[in-house]
Structure formats: C-alpha cells, structure tokens
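> One predicted model, sequence on top.
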Amino acid sequence: MSHSQAVSAAVAKLYDTYPFPPEPLLDEPPPGYNWRWNWLAAYNFCTGRKPPHQNIRILDAGCGSGVGTEYLVHLNPQARVVGIDLSAGTLKVAKERCERSRADRVEFHHLSLYDVEQLVGEFDLINCVGVLHHLPDPIRGIQALAKKLAPGGIMHIFVYGELGRWEIQLMQKAIALLQGDKKGDYRDGVEVGRQIFASLPKNNRIVKRDKELWSLENHKDECFADMYVHPQEIDYNIDTLFELIDASGLEFLGFSNPDFWQLSRLLAKAPELMAKAKNLSDRQRYRLIELLDPEVTHYEFFLCRPPIKKTDWSADETLLAAIPELNPCMDGFPSQCVFNYNYQIVNLSLAELEFLQKCDGQTKVAEILAKVQLGLDQLRNLVQLQMILLTPN
C-alpha cells in the first residue's frame, strides 16, 4: 500500500468511526439556509446577476454525513445533486439523512476525490467543504475536481488556515505523542485529548482558544475527533493557498467573506500606510491582512471555469431595463428589518420595502420605479447588499 493509500485509508477509518458532521437527522427540510449552497445567491455573488439557468448539476465533493448535500437539494429545487465520499460509514448516514427529509434529487457514490472522473458528465456547481486539506495530495484533488467543472461553472471551496489553528496543531501533536503505539485508535485519541483538556490550567492558551471558538461543538466526540485526532491535515496561508488555486487552472472569483479582506478595517487610521498598500498586488494585500489579523481559521472562496462574465450595472439604462427579483436567501421579509443573504441585519426604508415587494421576476426596474419613490442610488445600494437579483434585459 502506498503512502497516499495508507493516508486515505486512515481518513476513511476516522469517519467510519465518527461520521461527520454529527448533525441530527430530521424528518423535514433543514432549517434556514447557507447562501453559498444556493445556486441563485452564489452565482449572483460571483457575477452580479441571476444565473441564466437553474436546471443544473451539483457535485458535493466529500459530502460526509450529507449535511451540506441535504441543503444543496432543498435550496436548489431544479438541480440534480451527486454526493461522493471516501467513508462508507459516513455515506450511510448521508443517505438516511436525505431519505428522511425527502431530498430525493440526489445520488451517492463511494468514491475518492481522486477518482471523480468516474462520474459521468460535468457539473455547474461543485461544493468542496473541509475536504482538500485532509487529502495527502490536495493539488491532485483540486485538479481532478477542476476537470469536472463545466464551462461557466463555479466551485465553492473551504480549507483550513494555519494562523488561526495554531493551538489545534499543538494539541494534535501532543495527543499523538501521548498515544504512542495507539496512534490511529481514534476512540483512544479522543479519550487522551479529553484527559489533557481536563488537566490543563484554565489560563492555558490552548484551553482558552478552545473555549473561545470550539468548545460548543467539541462536546460531541465526532467534532473533537475531527479537530484534534485527525490523521491528515494541511493548513494553509495566503501564499500556499494561491499555489493550490493556481494549480487548479481555474479563475479565482473571490473570498465569500469579503469584509474580512478589507485592509481599511485595520489601517484606516494610517492613510500613509493605506497609500503604500495600493502598490501591493491583491495577493500581497491579502497576506498583509492575515499577518495583521491572524485569526484566519479557514478560507472560503469561489473559483470558476471561464467563460464567466461579471455584470456591470453602472450604466443607468442597463439598470433600468433589468428585471429584479428577491434574493432567495433572506429572512424576515416582508419587514423593514430583515436578515440579508449572510444573516446580517438590514434596516430598510419604506420606499426600499415597497420596491422589494414589487420585485416579481417579471417587471422591469424602470416600471417599478415609476410607482415607487426610490432613487437610483438607493436602488444600487439594494443591489450591493444583494437584496435583489437582476437579470439583464
């Protein structure tokens, strides 16, 4: 058995022992939404417009226990979904999860990311969350996925960041040292890890970090094992992340948490430094941000296979001719106080609320504005907040 095969077997054993994520199985669709898993909202985020079609194929690459897969089915009612995973035990949970919530437009395959070419056809949306960093060869994995992404398709990826997970790395190594010959026995690893946390002083840095970010999840053994006794993990920084992205041959569309990657939130009080930063490339600026705010526990971002076009709504005539509709990822509407696609509170004026109520997916912007006292600047604010999706006309 090669080293890569041995690592893959160890990862499969972990998830056969502790299926992950350990979310409860429900007899109804899952609550709420994750906009990154909604084709309309994700495509709009990436391109600035509603996608031209919704009868798409979605791949959940490394679907685990099917938590994301279930959302992908329910949030995309015209899509066909395929889930693959290396762990047969975890796939069994995924199948039961989707059967119970009647997520019936999905098929599952016991398959490694490396072997994804065995699937027929290409996919418009590929979701790969928490998987690549557990592969012995992430570059080979992302290249295999890239070959299955259709032209104009987008890929959503989540990988770990080294700066915000430093204490986790230390604990992983400590548990492995104390396990000795029992390394690879994941139940023993969880027991050893629990004993360490119970013994460490309360002001210990590892203990404090765990309480700040992870302890609510880690009371479940499945989460504790995934975090602290995983047999394979590669954590990234901006430099190594873009080495991975470049190797994919795909185009980087942006991070899905763009607010974090604004340098002004850190150096706005130093205009001279902000001016110097204008000479940096995007990647250098990203690296500067994470060095100054080393809380990055993960990177979440979108890639695409060209051709894909970002729509420019700066011309008034283009905007007025567009057809608007509500972003499907919004909560509390109709109300002047709503949660937007990213669960941020947005307070709407009466005119903005009235405009949104008239967005039916058929009526042009100009026709609605003829009935609502709303200026173009206010309208562009709604577009920027992604409260509405626009279709060019």
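In hand now; what should we look at?
> okay, CA-based contacts and neighbour counts for the rest of this
Noted.
> just the strands in the protein please.
For the chain, applying DSSP state E gives strands covering 57-61, 80-85, 106-110, 123-129, 149-160, 251-255, 298-304, 323-326, 337-339, 345-347, 388-391.
> Mind listing what's buried along stretch 362-378?
364-366, 368-369, 372, 374 (16 or more other CA atoms under 10 Å).
> and for that stretch, what are the contacting residues?
Stretch 362-378 has contacts (CA atoms under 8 Å, 6 or more residues apart in numbering) with 316, 319-324, 351-352, 354-355, 358-359.
> Go through those and flag which are in helices.
316, 319-321, 351-352, 354-355 (DSSP state H).
> Drop anything exposed from these.
Buried among the ones in helices among the contacts of stretch 362-378 by 16+ other CA under 10 Å: 319-321, 351-352, 354-355.
> so what's S8 up against?
86, 135-136.
> Now do the same for it: its pLDDT.
S8 is assigned a predicted lDDT (pLDDT) of 94.
> Next: S2.
89.
> Ok, L216 next?
We have a pLDDT of 93 for L216.
> Check the one 3 residues further on too.
At H219, the predicted lDDT confidence score is 95.
> number of nearby residues for it?
Neighbourhood size, H219 [other CA atoms under 10 Å]: 11.
> Then the one 4 residues further on?
When neighbours are defined as other CA under 10 Å, C223 has 21 of them.
> and what of Q344?
Neighbours of Q344 using other CA under 10 Å come to 12.
> Kindly report the same for V93.
So V93, with other CA under 10 Å, has 20 neighbours.
> list the contacts for it?
Going by CA under 8 Å, 6+ apart, the list of residues near V93 reads 19, 65-66.
> What is the nearest of the ones in helices among the contacts of stretch 362-378 to A198?
E352 (53.1 Å; CA to CA).
> Thought R105 was touching N55, still the case?
No. The pair N55 / R105 is not scored as a contact, 11.6 Å apart, by CA atoms under 8 Å.
> burial count for the closest residue to L319 other than its chain neighbours?
Distances taken as CA to CA, 6 or more residues apart in numbering place W313 nearest to L319, at 5.4 Å, with adjacent residues excluded. Residues contacting W313 under the criterion other CA under 10 Å number 17.
> Make TSV out of the buried ones among the ones in helices among the contacts of stretch 362-378 and add pLDDT and distance to L145.
Below are these laid out as TSV (pLDDT from 0 to 100; distance: CA to CA, whole Å):
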residue	pLDDT	distance to L145
L319	97	36
L320	97	39
A321	98	37
A351	97	45
E352	97	41
E354	97	43
F355	98	41
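> which one of those residues sits closest to N257?
Out of those, the member with the shortest distance to N257 (by CA to CA) is E352, at 24.9 Å.
> And the closest one, how close does it get to V383?
Separation of E352 from V383 (CA to CA, to the nearest Å): 11 Å.
> again, but for S87
42 Å.
> Between the two, which has more neighbouring residues?
The neighbour comparison of S87 against V383 (other CA under 10 Å) goes to S87, with 26 against 19.
> What residues does that one make contact with?
Contact analysis of S87 by CA under 8 Å, 6+ apart lists 11-13, 15-16, 64, 110.
> D235 too?
Taking CA under 8 Å, 6+ apart, one finds 133, 159-162, 165 in contact with D235.
> what do you get if the cut-off is 10 Å, keeping everything else the same?
D235 makes contact with 133-134, 159-166, 169, 241, 297-299 under the criterion CA atoms under 10 Å, 6 or more residues apart in numbering.
> ok, Q5 - how many residues close by?
Around Q5 there are 11 residues (other CA under 10 Å).
> pretty sure it is touching P136, no?
Yes. Applying CA atoms under 10 Å, one finds Q5 in contact with P136, separated by 8.7 Å.
> what touches both of those two?
Both Q5 and P136 are contacted by V11, under the criterion CA under 10 Å, 6+ apart.
> per-residue confidence for the closest residue to P22 other than its chain neighbours?
Among residues not flanking P22 along the chain, E222 sits closest, at 6.4 Å (CA to CA, 6+ apart). pLDDT, E222: 97.
> pretty sure E222 is touching G64, no?
No. In this structure, E222 is not within contact of G64 by CA under 10 Å, at 11.9 Å.
> Tell me how many other residues surround the nearest residue to L356 once chain neighbours are set aside.
Spatial nearest neighbour of L356, chain neighbours left out: L326 (6.8 Å); criterion: CA to CA, 6+ apart. Counted with other CA under 10 Å, residues neighbouring L326 total 19.
> distance of L326 from L178?
55 Å.
> Repeat that for R49.
On the measure of CA to CA, R49 and L178 end up 54 Å apart.
> between these two, who's got more neighbours?
A direct count of neighbours by other CA under 10 Å for R49 and L178 places R49 higher, at 26 against 14.
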